[in-house]
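1. With the sequence up front, the predicted model follows.
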Amino acid sequence: MESNYRYEKIRSQTCFFFLILFFLTFAGCAKEEKKPIDPLLFEGIQNGDIICRLGTGFFSNQFKNYSLSEKLYSHVGIVDQYGDSLFVIHAEASELTGVGHVKREAIQVFLDGITTWGIYRINAGDSVRNNIAVYAKGYFIDKTPFDLDFDASEDKKVYCTELVALSVNKAVNDSLIKPDMNLGRRKVYGIDNVYLLPDIETIIKVTN
């Protein structure tokens, strides 16, 4: 009897374990299912536009607080158009090591799994907006390291909002975007510093 009881108990526990494993696997697959972004939304995007997103990483909800007013996004970059293809140039670091650099990736990759994002455009001629992308691309070509110190006083290393601010300011030959957020004793470029300005208009804003 004791032997049969132990056997039934082990079999019951095993069945329960596999039931839980099946549930977690099924739930995980359902959670990973992503709704693709409508490609028609990309038709209004142009070279030199500012692109913002709320990421899905561990620290994304903390990074979106690096704004003074609208705490909506956690990351920004510059659109680089090549023919009919759209890319995003942005400064990104590993959440585990803090090591990273300026990178360029397809807009579909940049927005993969993203449900909150926006496109913003400086009110200037095509030549100015094209130059924004050119300056951003220069940081990509140089593989400029990510600035983990968030030091806006130089551009040997850059963080995401700094890359955008520098590219825009160089293109307009003025300090249009200023670092207005305090981080300790330093002034840094907040996320909304780079797109909530009178000279920048909203092109697309998706919040789901």
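-> It's in.
2. Tell me how many other residues crowd residue 157.
-> Neighbour count of residue 157, defined by other CB atoms under 10 Å: 18. (Glycine included, C-beta is placed from N, CA and C.)
3. contacting residues around the closest residue to it other than its chain neighbours?
-> Using CB to CB, 6 or more residues apart in numbering and skipping residues adjacent in sequence, the residue nearest residue 157 is residue 147, 3.7 Å away. Counting by CB atoms under 8 Å, 6 or more residues apart in numbering, residue 147 makes contact with 91, 157-159, 162.
4. among those, which are in strands?
-> Judged by DSSP state E, those include residue 91 as members of strands.
5. Nearest to residue 139 among the contacts of residue 147?
-> Residue 139 lies nearest to residue 158 out of these, by CB to CB, at 6.2 Å.
6. my guess is the closest one meets residue 166, correct?
-> Yes - if you go by CB atoms under 8 Å, residue 158 and residue 166 touch, sitting 6.7 Å apart.
7. Give me the more crowded residue out of the two.
-> Per other CB under 10 Å, whichever of residue 158 and residue 166 has more neighbours is residue 158, with 27 against 21.
8. Could you measure from the more buried one over to residue 119?
-> 21 Å (CB to CB, to the nearest Å).
9. which stretches of the chain form helices?
-> 2-32, 60-63, 107-110, 126-141, 160-172 (DSSP state H).
10. and the fourth one, what other elements does it pack with?
-> So that's helix 126-141. If you count contacts as 3 or more CB pairs under 8 Å, 6 or more residues apart in numbering; DSSP states H and E, helix 126-141 packs onto strand 75-82, strand 85-93, strand 100-106, strand 116-122, helix 160-172.
11. Which one, of these, ends up nearest to residue 204?
-> strand 116-122 (4.1 Å).
12. Okay, now the sheet partners of the closest one, with direction.
-> strand 50-53 (antiparallel), strand 200-207 (antiparallel) (DSSP bridges).
13. Would you mind giving those strands as JSON lines with distance to residue 65 and mean neighbour count added?
-> Formatted as JSON lines, those follow (distance: least, CB to CB, whole Å; neighbours: other CB atoms under 10 Å):
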{"stretch": "strand 50-53", "distance to residue 65": "14", "mean neighbour count": "25"}
{"stretch": "strand 200-207", "distance to residue 65": "17", "mean neighbour count": "14"}
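14. got a list of what the residue nearest to residue 180 when sequence neighbours are not counted touches?
-> Nearest residue to residue 180, sequence neighbours excluded (CB to CB, 6+ apart): residue 193, at 5.4 Å. By CB under 8 Å, 6+ apart, the residues touching residue 193 are 67-68, 161, 165, 177-181.
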